[in-house]
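Engineer: the sequence and its predicted three-dimensional model are supplied below.
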Amino acid sequence: QVQLVESGGGLVQAGGSLRLSCAASGRSFSSYAMSWFRQVPGKERDFVAAISWNEHNTIYVDSVKGRFTISRDNTKNMVYLQMNNLLPEDTAVYYCAASLRYGSRWEDHDYRGQGTQVTVSS
């Protein structure tokens, strides 16, 4: 069982930065690939970024490449999403999720957090 709690969301102007954090508790955190997803009310949840269990691999959705960076610290059971040059279209609830399978499918992620709101004003 892995429990995930996101933090770091908030209101920021376009062009600004935020750093999301995801604290994981439970066993074998370092065994899981970790991902970030986001969802706008009324729309489907979208994949944002993922990082493999050993940090060697990362993937990003095209719209955030060059602006967002996912990272993890297995010694602290933490996952991060550094978001730079934020755009109004980045506004969403951001979710942290854990999966034994490295990839972008929400359905493959057995554990999910409650989400943190990110709002980017123009």
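Structural biologist: Thanks, I have the structure now. Residues are numbered from 1 along each chain as shown.
Engineer: please make it C-alpha for all contacts and neighbour counts, starting now.
Structural biologist: Fine.
Engineer: what helix or strand is Glu55 located in?
Structural biologist: Counting by DSSP states H and E, no helix or strand carries Glu55.
Engineer: any stretches of the protein with poor pLDDT?
Structural biologist: Applying pLDDT under 70 to the chain flags no residue at all.
Engineer: so for it, the centremost residue is which one?
Structural biologist: Geometric centre of the chain, nearest residue: Trp36, 2.4 Å, by CA atoms, centre = their mean.
Engineer: for that one, helix, strand, or coil?
Structural biologist: Classification of Trp36 using DSSP: H, G, I helix; E, B strand; the rest coil returns strand.
Engineer: if I pick the closest residue to it other than its chain neighbours, what's in contact with it?
Structural biologist: The shortest distance from Trp36 to any non-neighbouring residue, by CA to CA, 6 or more residues apart in numbering, is to Cys96 (4.7 Å). Cys96 makes contact with 4-6, 22, 34-37, 112-113, 115, according to CA atoms under 8 Å, 6 or more residues apart in numbering.
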